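Engineer: next come a sequence and a model predicted from it.
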Amino acid sequence: MDHRLDGINLGYSTKNIPIPTNKDYLKCIITKAEKFMKNLRWKTFFFLNPDITSEQKETFGFKSGKSPPYIPELKQFEDGMLNLVQNIEFKNAKNQFQTQLSNDVDNIKQCNNLYVAADKTTNFYQLNPDQYNELIEKDITSEYKKAPASTETGIVNEDKNIATKLDLSDRIDTTAKTEAFITLKDHKPNFKNKPTCRLINPCKSEIGKISKQVLERINSKIIGATHLNQWKNTDEVINWFDNVKNKQKCSFICFDVCNFYPSISQDLLNNALHFASQYDEITDDEINIIKHSKQSMLFNKGSTWCKRGNSLFDVTMVSYDGAETCELIGLYLLSQLNHLNINIGLYRDDGLAVSHKTPRQTDLLKKEICSIFAKNGLNITIEANKTTVDFLDITLDLPSATYRPFMKPNNTPLYVHKDSNHPPSIINNIPESINKRLSNISSNEELFNNAAPPYQDALRKSGYNYELKYNPQRSNNNKRKRTRNIVWFNPPYSDSVATNIGKKFFNLLDRSFPPGHQLHKLINRNTVKLSYSCMPNMKNIITKHNKSVIGKSETKLETDKSQKDCNCRNKVQCPLNKKCQTSSVIYQATVTREDNNNAETYIGLTENSFKSRHAGHLSSFKHETKRNATALSEYIWTLKDKNINYSLKWKIISKAKSYSTSSKKCNLCTEEKYFIIYRPDLCSLNKRNELLNSCRHRKKHLLCNIKP
């Protein structure tokens, strides 16, 4: 197969957001309004019912899937919210940059190839599905092997056991089977003729969210007791550097752990946990949670893979607790380096130390550091007796006792364009944030001015007329932090929306809960806030496109020629024009009275085949005990009670995917709500209060509903 590749550079950051279609925006604001109203209902319910206390248990951030009860006191406000969402007005917001984004989005969607990102540059490469599959399968088979069905079952069952012990099995989804993907290492020699890839496994257990919080607590206790230098950001490195005494008489030892994440073994983690138990009480259940979250699987084209060897243990870079695991290992390693009596610190896989010893003694320290890491099964690249080092995004210089910004070679900064479809607060803050950042990592104005030109050019190319000036402002970590019980409404932002959503929202809030209202103390401008969220950016759009291309390719391969769109014996009587086996659809029923030809319409959805849902409707029309099953059955029974004949026609009006454990969204439910709210002419029988109905498709993905 010809692998010769030509790169595509979009010329802007993929964090830029294009103007969405009106329908995409409206579907997004539906989900945001729904989430806000559910949260507000729960808060109001417990306020009005103080005797009914909410569950006093640690939920680790997992949300309940239950629908909140109806609150009569919120009816006026909820009707106003529905009216606000229904009456969004749009305007033309195109400009030169948005036109470019729009054209690029159209080209991407019309392309039958995948857009594969480069590993360390801003390039993309077009690969057809066959090329992509060959490359990813080569990488997978070199590191992984096919896993038996019992492997996945065992992991899911243990997930359920852990969730059940914590009483969270009705809140936690099964592990999302997110498929692996690759990026291309176009910085490697002879790349165009012999491309190499980085395999990325995005599959991560939900139990990792619990492990993350447990590890955060453990790491915090260790740092508090030992004061080891486990850095979390560049500012902490600078503070450490500032406190180094007699810099001119020191030298650096700089090292990097090779393949840190995949090199962490189960034995190393066990040793680190044993070390941590000296500073924090870690229960057996917590140890089990931490270890189990490292049980890793990889998914590709419907197949399950696991690491070669006899263990499923694997610390992946995208796992929820991967960073915290590395920090725990780092603290354990730092404790083993304590006896060397050097000022040393770690940021994930990057280490830095200063030595006051002679060059010869420093070389011996270097060998000792290598030996300690090797004993723990880790390889490092290390340099000693350096007076200047590039560490993270700064260059530290001992002779001059200064630090300045560092940028990797051939790295060009890209910023969000000023005409990107971001909220204005974000756009306006970008130049100031860059200026503040560069100032804070420059020890003086001269070094700032020397480093500023490439960043200044990047700002100008992104449309900003802002001059970078040296203005250091160290953050105040002692600032008082108050936690408030605030309910947030996060409507999506778009330049194409003419309606002032924020103004209308707060006017509605003031009208619905004026001073003296029973709920004014609970619901007011201090307890309810609005902050705009963002629509999908170019990276999201490219990722979605790639999944679509791969999905079409797999569907084409797996299509069974014997499978039929209709299995009705009498095709003429098929309720859906020989398409009754179609699944994941929004359908419409039109009921026409034969006495006056008046027609009423109803919209519904089904995740299963339409034919199975159609059978359910027919059953509700036949058995009076089911007359209230749907708004459609209620109307049919009303006609039957009056002996009015009717005709019934069905058609599909849209298709969408049901609940996904990876995105935590149900596009099928959102699509139905879109038609009910914005196309009432298509669904005269549906009730508008269906906005707050919980997604019924999530239930089968909850751990509590998984059968052993």
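Structural biologist: Looks like it came in fine. Quantities reported herein were computed from a predicted structural model and do not represent experimental measurements.

Engineer: now the helix ranked longest in the chain: buried residues?
Structural biologist: Longest helix of the chain, by residue count under DSSP state H: helix 22-48. Residues 25-34, 36-45, 48 are the ones in helix 22-48 that count as buried (16 or more other CB atoms under 10 Å). C-beta: built from backbone N, CA, C; applies to glycine.

Engineer: which elements pack onto it?
Structural biologist: Counting contacts by 3 or more CB pairs under 8 Å, 6 or more residues apart in numbering; DSSP states H and E, helix 22-48 is packed against helix 75-86, strand 487-489, helix 667-678.

Engineer: go through the ones you listed and name the closest to residue 253.
Structural biologist: Closest to residue 253 of the helices and strands packed on helix 22-48, according to CB to CB: strand 487-489, at 46.5 Å.

Engineer: helix or strand right after that closest one?
Structural biologist: Heading C-terminal from strand 487-489, the first helix or strand you meet, by DSSP states H and E, is helix 501-512.

Engineer: and the angle from that next one to helix 75-86?
Structural biologist: Angle between the axes of helix 501-512 and helix 75-86 is 160 degrees (criterion: axes from the mean of the first three to the mean of the last three CA atoms, to 10 degrees).

Engineer: okay, helix 501-512 in CSV with CA atoms only?
Structural biologist: C-alpha atoms of helix 501-512 as CSV (Å, rounded to 0.1, in the frame of the first residue of the first chain):
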residue,chain,number,x,y,z
ILE,A,501,-30.3,35.3,26.7
GLY,A,502,-28.6,36.5,29.9
LYS,A,503,-30.8,39.6,30.2
LYS,A,504,-34.0,37.7,29.6
PHE,A,505,-33.0,35.0,32.0
PHE,A,506,-32.3,37.3,34.9
ASN,A,507,-35.4,39.4,34.2
LEU,A,508,-37.4,36.1,34.3
LEU,A,509,-35.7,35.2,37.6
ASP,A,510,-36.6,38.6,39.1
ARG,A,511,-40.2,38.4,38.0
SER,A,512,-40.7,34.8,39.2
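
Engineer: give the next helix or strand downstream of it.
Structural biologist: Scanning onward from helix 501-512 (DSSP H and E), the first element met is strand 528-530.

Engineer: pipe the helices and strands packed on helix 22-48 into TSV and attach mean neighbour count and distance to residue 611 per row.
Structural biologist: Shown next, in TSV, are the helices and strands packed on helix 22-48 (neighbours: other CB atoms under 10 Å; distance: least, CB to CB, whole Å):
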stretch	mean neighbour count	distance to residue 611
helix 75-86	16	33
strand 487-489	17	40
helix 667-678	21	17
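
Engineer: over to residue 351. Which of the three states is it?
Structural biologist: On the three-state scheme (DSSP: H, G, I helix; E, B strand; the rest coil), residue 351 is labelled strand.

Engineer: excluding chain neighbours, what is closest to it?
Structural biologist: residue 255 (4.6 Å; CB to CB, 6 or more residues apart in numbering).

Engineer: and that neighbour, what are its bridge partners?
Structural biologist: Assessed by DSSP bridges, residue 255 has beta-bridge partners residue 351, residue 382.

Engineer: that one: how many residues sit nearby?
Structural biologist: The number of residues packed near residue 255 is 21, by other CB atoms under 10 Å.

Engineer: cool, and residue 450?
Structural biologist: 11.

Engineer: per-residue pLDDT, it?
Structural biologist: In this prediction, residue 450 carries a pLDDT score of 95.

Engineer: and it, how far is that from residue 439?
Structural biologist: 13 Å (CB to CB, to the nearest Å).

Engineer: equivalent analysis for residue 471, please.
Structural biologist: Applying CB to CB to residue 471 and residue 439 gives a distance of 5 Å.

Engineer: neighbour count winner among those two?
Structural biologist: Here residue 471 and residue 439 are compared on neighbour count by other CB under 10 Å; more neighbours surround residue 439, at 19 against 13.

Engineer: which of the residues in the helix or strand harbouring that one are buried?
Structural biologist: Element membership of residue 439, judged by DSSP H and E, is helix 424-440. By neighbour count on 16+ other CB under 10 Å, the buried set for helix 424-440 is 427, 430, 431, 434, 435, 436, 438, 439, 440.

Engineer: and the residue nearest to the third one when sequence neighbours are not counted, what pLDDT?
Structural biologist: Closest residue to residue 431 apart from its sequence neighbours, by CB to CB, 6+ apart: residue 466 at 3.8 Å. At residue 466 the predicted local distance difference test score is 95.

Engineer: ok, residue 559 next?
Structural biologist: So residue 559 comes in at 49 (pLDDT).

Engineer: ok, the residue nearest to residue 431 - contacts?
Structural biologist: Counting by CB atoms under 8 Å, 6 or more residues apart in numbering, residue 466 touches 431, 432, 435, 459.

Engineer: over to residue 121?
Structural biologist: 7, 186, 187, 410.

Engineer: would you confirm that the second one contacts residue 118?
Structural biologist: If I follow you right, that is residue 186. Yes - under the criterion of CB atoms under 8 Å, residue 186 makes contact with residue 118 at 4.6 Å.

Engineer: give me the common contacts of the two.
Structural biologist: 7, 125.

Engineer: picking up where we left off before, can I get the buried residues of helix 424-440 in CSV with pLDDT and distance to residue 503?
Structural biologist: Shown next, in CSV, are these (pLDDT from 0 to 100; distance: CB to CB, whole Å):
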residue, pLDDT, distance to residue 503
427, 96, 20
430, 96, 25
431, 96, 27
434, 96, 31
435, 96, 31
436, 95, 30
438, 96, 36
439, 95, 36
440, 94, 36
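
Engineer: out of those residues, who's nearest residue 672?
Structural biologist: Using CB to CB, the buried residues of helix 424-440 come closest to residue 672 at residue 427, 34.5 Å.

Engineer: could you find the closest non-adjacent residue to the closest one?
Structural biologist: Once flanking residues are discounted, residue 427 sits nearest to residue 418: 5.7 Å by CB to CB, 6+ apart.

Engineer: how many residues are close by the one you found?
Structural biologist: Counted with other CB under 10 Å, the neighbours of residue 418 add up to 19.

Engineer: report the contact partners of it.
Structural biologist: Applying CB under 8 Å, 6+ apart, one finds that residue 418 lies in contact with 427, 430, 462, 463, 464.

Engineer: and stretch 31-40, what's its mean pLDDT?
Structural biologist: pLDDT averaged over stretch 31-40 gives 94.

Engineer: centre of the chain to that stretch, how far?
Structural biologist: Offset of stretch 31-40 from its chain centre (CA atoms, centre = their mean, to the nearest Å): 19 Å.

Engineer: can you check stretch 673-689 too?
Structural biologist: Relative to the chain's own centre, stretch 673-689 is displaced by 30 Å; criterion: CA atoms, centre = their mean.

Engineer: same deal with stretch 517-527?
Structural biologist: 32 Å.

Engineer: what lies in contact with that stretch?
Structural biologist: Residues contacting stretch 517-527 (CB under 8 Å, 6+ apart): 40, 43-44, 47, 73-74, 77, 484-487, 506, 509-510, 512-514.

Engineer: any regions of this structure where pLDDT drops low?
Structural biologist: Applying pLDDT under 70 to the chain picks out residues 1-5, 53-55, 474-482, 553-563, 688-691.

Engineer: what about 50?
Structural biologist: Residues of the chain meeting the criterion pLDDT under 50: 1-3, 557, 559-562.

Engineer: is it true that residue 491 touches residue 34?
Structural biologist: No - contact criterion CB under 8 Å: residue 491 and residue 34 do not qualify, at 11.6 Å.

Engineer: okay, strands next: where are they in the stretch 301-450 of the chain?
Structural biologist: All strands of the stretch 301-450 of the chain, identified by DSSP state E, counting those that start in this stretch, fall at 303-307, 343-347, 350-355, 380-386, 388-391, 394-397, 402-405.

Engineer: which parts of the longest one are buried?
Structural biologist: In other words, strand 380-386. Quick answer for strand 380-386 (16+ other CB under 10 Å): 380, 382, 384, 385.

Engineer: also the first one?
Structural biologist: Within strand 303-307, the residues that count as buried by 16+ other CB under 10 Å are 304, 305, 306, 307.

Engineer: helices and strands around that strand, which ones?
Structural biologist: Counting by 3+ CB pairs under 8 Å, 6+ apart, strand 303-307 packs on strand 144-146, helix 149-165, strand 298-300.
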